[in-house]
Structure formats: structure tokens, C-alpha cells
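need coordinates for the below:
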Amino acid sequence: MTLLESPKRAAGATGLIRVATAGSVDDGKSTLVGRLLYDGKAVLADTLQAVSSASRARGAELDLSLLVDGLRSEREQGITIDVAHRYLSTEARDVVLVDCPGHVEYTRNTVTGMSSADVALLLVDVRNGLVEQTRRHAAVAALLRVPHLILAVNKIDLVDYDEDAFAQVVADAEAYAKEVGIAEVTAVPVSAKAGDNVTTRSEHTPWYTGPTLLELLASVEVPVRANAPLRLPVQWVARGDGPRRYTGTVASGIARPGDEVLVQPAGRRTRIVAVEDADGSLDAAGEGAAVAVTLADDLHVGRGELIVAADAPAEVLREFVADLAVVGERPVVAGDRVLVRHTGKLVRGLVREVTDTVDIDTGRRRPADRLETNDIGRATIAVAEPLAVDAYGHDRTTGAALLLAERTGDAIAAVLVRRLEERPLEERPLEEGPPEQRRPLEQGPLDQGENR
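Residues are numbered from 1 along each chain as shown. Just a heads-up that it's a prediction; the model follows:
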């Protein structure tokens with residue numbers, strides 16, 4: 001599979017798929033990932049020997065979860081805390097398995113793990129069904145617009161491979177998915193421990209005629225954004241004897257020499273004259289390619305600015321409506337003064353309004369004026385200077401940001417832009433609001449200029 005057609009070569013064109021595994025603690029996520037790695041022969045001999053020794057020390061048979069739970073504290077507690085990345089190759093594509101933590105207090109890690117995923121693999125213990133954290137992870141997947149949701153109904157062996165038990169979990173999951181905005185759920189009955197329907201079809205589930213989990217991962221269609229307009233956030237400016245080169249990773253679209261572009265938010269028009277990567281010149285660079293771009297004009301371009309298609313620019317604004325996934329310990333309320341990190345740019349911001357939150361039990365929104373830790377809700381955010389953004393549904397890079405504490409820089413919430421503020425800026429000054437909120441924001445980013 002390739003993203004581009006180029007007479008020379010294309011960067012960013014791979015058969016890679018990112019799969020975020022999630023679900024409630026003890027539902028078997030790490031064991032399932034370990035099973036995929038073990039059966040897929042993606043485990044080094046010395047690693048397998050170490051896991052075998054660790055399993056024996058715990059008085060257990062081969063514990064496949066230890067192939068994933070790499071932290072000593074996790075092995076001692078039997079839980080997953082960090083976001084563990086493992087790699088698996090199939091005939092069709094390479095798979096990055098991102099094992100997200102199951103405990104509610106580590107929801108921020110799950111948001112991180114799912115933020116760039118092509119597939120959310122949600123594990124459910126068939127005996128327990130959808131518990132609170134399972135629903136929360138489904139809501140996060142919906143919030144982050146993960147293109148596909150695969151439901152692995154685990155421990156099917158512990159209910160004697162009962163079809164009705166599987167069907168009930170699937171029905172509940174589909175109903176919840178509909179409430180949070182997930183159009184389709186693909187379900188597979190599995191036993192991560194025994195291996196049923198993970199990489200090979202199980203003779204114990206003759207009533208299930210669908211693909212194995214590995215077959216699903218190898219065949220699921222991943223959206224290709226080669227036809228999307230160019231979005232290249234500038235991460236660094238390289239200066240030498242020749243013209244300046246602007247480096248970054250292509251978020252979407254294609255960067256080609258000769259293409260007319262804008263540098264936003266200023267809106268300066270120019271043209272790409274060269275595209276390079278570590279191996280040399282390129283005829284084109286697609287999504288995911290780390291490149292250096294040379295422009296026709298010697299412009300003052302700073303970190304965090306966008307190089308975009310001239311005929312399809314991003315929106316330049318100072319206010320937007322967004323969904324927030326609160327990952328910090330402090331609540332989010334109207335009037336909060338924050339820092340907003342968007343691509344590589346950091347500006348001061350204000351939480352203008354909090355309007356609602358997602359009820360994790362039902363998946364429905366309800367009115368709210370504050371968002372607590374682990375909540376998902378909607379708010380209006382104002383920024384001290386214009387940002388070039390897209391709605392998150394159009395671009396998962398330029399439509400995302402991070403709220404940080406103004407004084408400490410600690411993460412407060414992940415931000416997904418939903419609606420762009422259409423009212424002219426002069427009609428809604430930053431100091432608008434209750435008297436206690438009317439301290440004007442400082443103008444200008446915290447890291448102005450090049451490479452500061």
C-alpha cells in the first residue's frame with residue numbers, strides 16, 4: 001500500500017497501522033497483546049526466556065502479559081501503568097500495538113495512546129460486560145475520532161464459549177457506541193490466555209464465522225489522507241550557507257516542489273522549491289514524512305507556524321469550541337487562565353465557557369459548568385493571538401491542542417477542536433465576561449521567533 005504515486009520516491013508511504021488496546025483493568029489487555037506477539041513470532045528468544053523465568057518466580061505458567069508490562073512496578077502489581085509500544089509484522093502490514101492502561105487514574109495515558117491510533121481495540125471481559133472504564137475508553141475513542149473500533153470479547157472460555165453471552169456484550173457495546181457517536185463496532189470472541197480466535201480460528205466457537213483478530217488487524221481499511229490539503233507544522237528552522245529550510249512532519253496532504261503554499265497564521269504566500277528528507281531530495285512527501293522544505297521567499301517563519309495548501313488554508317482565529325479530556329488534577333471552569341500548546345506553538349489562553357460533559361454511564365451529554373479529572377466535556381477556548389487550526393474531524397494534528405497550567409506548565413486537558421468561532425474577533429474581546437474574569441490576556445506567544 002502506498003500513499004502516493006511518484007516518479008522518484010515518496011516519503012511517508014507505509015503499510016503501518018497503529019492499534020491502541022484499551023479496556024478495564026484485569027480484562028486481559030496485556031495478555032492479549034502478548035498473545036499476538038507470541039503467536040506472531042515477534043518475541044526475541046532472550047525476552048521469552050526472561051518472561052518464562054519471571055512467570056515461574058510468580059508460580060504461574062507462561063504469563064504473556066509480561067511481554068508488555070515492562071515496568072518493574074507493573075510486574076509486581078500485575079497492572080499496566082504506562083503506554084507500552086510493541087511491534088508486529090503481518091504479510092499485509094506492520095502493526096504497532098499500543099497497550100494503554102486500564103486504571104481510571106491513568107486515563108491521560110489512554111488519551112495519549114489513542115490520539116494517533118488507526119484502530120481502538122477495546123477489550124471486555126465477557127463475564128462483566130461494559131464496566132465504567134470500558135465505557136470511558138469507548139468515549140475517549142469516539143472523542144479522538146479513532147477510525148475503527150474492534151471489540152475483543154475476552155475470556156470466552158470461562159463461559160464455556162457461550163454464544164448468547166457474547167451476543168449480549170456485543171448488543172450492549174453497540175448501543176453505547178451509538179450514544180457516543182461510533183458508527184460501527186466489529187466484535188470477536190477471544191481467549192487471550194488460551195489463544196481462541198486471536199491468530200487462529202477456534203474450534204470451540206463454531207457459531208462465529210468471522211475473521212480472527214489478527215486477520216482483522218491485517219485487513220482493516222485505514223483512511224489515507226493523501227488527498228487532504230497540505231498541513232506541515234514547522235518544528236525547526238535550519239539555517240546554513242544557503243536558504244533557510246523549515247523542518248517538520250507532514251500532518252496531512254502532500255508537499256511537492258512547485259506547490260503554492262501559505263505560511264499561517266500570518267497568511268504569507270510563497271512556493272515550495274525543494275523537499276528533502278534524511279536520504280536526499282524528494283519529488284513528494286506524504287503524511288507522516290519528516291522533511292525539510294525550502295521556500296521561494298526568505299520568510300521569517302517560527303516554530304509552530306503552519307505551511308499549508310494555498311487553495312485550502314486552515315482557519316485563523318482566536319476562539320473555538322472544543323471537546324476536552326481532562327487529564328490533570330484540577331477542575332476546568334470558566335475563567336481559567338491557561339497556556340495552549342498547538343503544534344509547536346505556545347500561547348496564553350482563557351477558558352471562556354464550559355457547557356456540558358459526557359455521562360460515562362449512558363454516553364449522553366448533560367449540562368455542566370465545570371469538568372473534573374477524567375471528565376470529557378465541551379468548552380469554548382479563547383487565545384491571546386491567532387492560531388491556524390482545523391476542526392479535529394478534518395485534521396487530527398492541526399485540530400488538536402493541549403491545555404497547560406499557566407504557572408507550572410502541567411497538563412490540564414487534551415483539546416479537540418469541534419467548531420470554529422464565526423463571530424468576528426472585534427465583536428468579542430478577550431476581556432469579555434464577568435468582572436472577575438476581565439483581566440486582558442497578554443498578547444504574543446511565550447516562545448516567539450525561530451528556534452527559541
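
doesn't A167 lie inside a helix?
Yes: checked against DSSP: H, G, I helix; E, B strand; the rest coil, A167 lies within a helix.

so, low pLDDT: which residues of the stretch 351-452 of the chain?
420-452 (pLDDT under 70).

again, only this time at 90
359-364, 374, 393-394, 396, 418-452 (pLDDT under 90).

not including adjacent chain positions, what is the nearest residue to I156?
The shortest distance from I156 to any non-neighbouring residue, by C-beta to C-beta, 6 or more residues apart in numbering, is to P189 (4.4 Å). Heads up, the C-betas are built off the backbone N, CA and C, glycines and all.

residue contacts, the one you found?
V126, V153, I156, Y161, F166, D196, N197, S202, T205, Y208 (C-beta atoms under 8 Å, 6 or more residues apart in numbering).

what's around the fourth one, how many residues?
Y161 is surrounded by 20 other residues when neighbours are defined as other C-beta atoms under 10 Å.

ok, the last one next?
Around Y208 there are 21 other residues, counting by other C-beta under 10 Å.

my read is that it contacts V190, right?
No: using C-beta atoms under 8 Å, Y208 is not in contact with V190, being 9.8 Å away.

those strands in the stretch 301-450 of the chain, which residues are they?
306-309, 315-326, 332-333, 337-342, 345-358, 365-367, 370-371, 376-389, 400-405, 411-420 (DSSP state E, counting those that start in this stretch).

any idea which of these is most buried?
strand 306-309 (a mean of 25; mean count of other C-beta atoms under 10 Å).

give me the contacts around that one.
229-234, 246, 248, 253, 255, 259-265, 272, 293, 295, 301, 314, 343, 388, 398.

check stretch 262-270 too.
260-261, 295-297, 299, 301, 305-310, 313-314, 316, 385-388.

in contact with Y38: list those residues for me.
Contacts of Y38 (C-beta under 8 Å, 6+ apart): L48, L64, L67.

quick one: the first one from Q133, how far?
As judged by C-beta to C-beta, to the nearest Å, L48 and Q133 stand 30 Å apart.

I'd like the strands of the stretch 301-450 of the chain as JSON lines, with distance to S53 appended.
Below are the strands of the stretch 301-450 of the chain laid out as JSON lines (distance: least, C-beta to C-beta, whole Å):
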{"stretch": "strand 306-309", "distance to S53": "51"}
{"stretch": "strand 315-326", "distance to S53": "39"}
{"stretch": "strand 332-333", "distance to S53": "46"}
{"stretch": "strand 337-342", "distance to S53": "43"}
{"stretch": "strand 345-358", "distance to S53": "44"}
{"stretch": "strand 365-367", "distance to S53": "50"}
{"stretch": "strand 370-371", "distance to S53": "45"}
{"stretch": "strand 376-389", "distance to S53": "42"}
{"stretch": "strand 400-405", "distance to S53": "41"}
{"stretch": "strand 411-420", "distance to S53": "37"}
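
so which of the ones you listed is nearest A22?
strand 315-326 (13.2 Å; C-beta to C-beta).

given that closest one, what are its sheet partners and their directions?
strand 376-389 (antiparallel), strand 411-420 (antiparallel) (DSSP bridges).

list the contacts for the one residue sitting closest to the centre of the chain?
Nearest to the mean C-alpha position of the chain, counting by C-alpha atoms, centre = their mean, stands S115 at 0.8 Å. By C-beta under 8 Å, 6+ apart, the contact list for S115 reads L144, R396, A400, A414.

so how far is stretch 20-38 from its chain's centroid?
Stretch 20-38 sits 18 Å away from the centroid of its parent chain (C-alpha atoms, centre = their mean, to the nearest Å).

cool, stretch 235-243 as well?
Relative to its parent chain, stretch 235-243 has a centroid offset of 30 Å by C-alpha atoms, centre = their mean.

for that stretch, C-alpha coordinates in CSV please.
Extracted C-alpha coordinates of stretch 235-243, given in CSV (Å, rounded to 0.1, in the frame of the first residue of the first chain):
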residue,chain,number,x,y,z
GLN,A,235,9.2,22.3,14.2
TRP,A,236,12.6,23.8,13.5
VAL,A,237,14.3,26.3,11.2
ALA,A,238,17.6,25.1,9.8
ARG,A,239,20.0,27.8,8.7
GLY,A,240,23.2,27.3,6.8
ASP,A,241,25.1,28.9,3.9
GLY,A,242,22.1,28.6,1.6
PRO,A,243,18.4,29.4,2.0
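
which residues of the stretch 101-250 of the chain score low on pLDDT?
For the stretch 101-250 of the chain, the ranges with pLDDT under 90 are 101-117, 132-134, 136-137, 139-147, 181, 183-184, 193, 218-228, 238-243.
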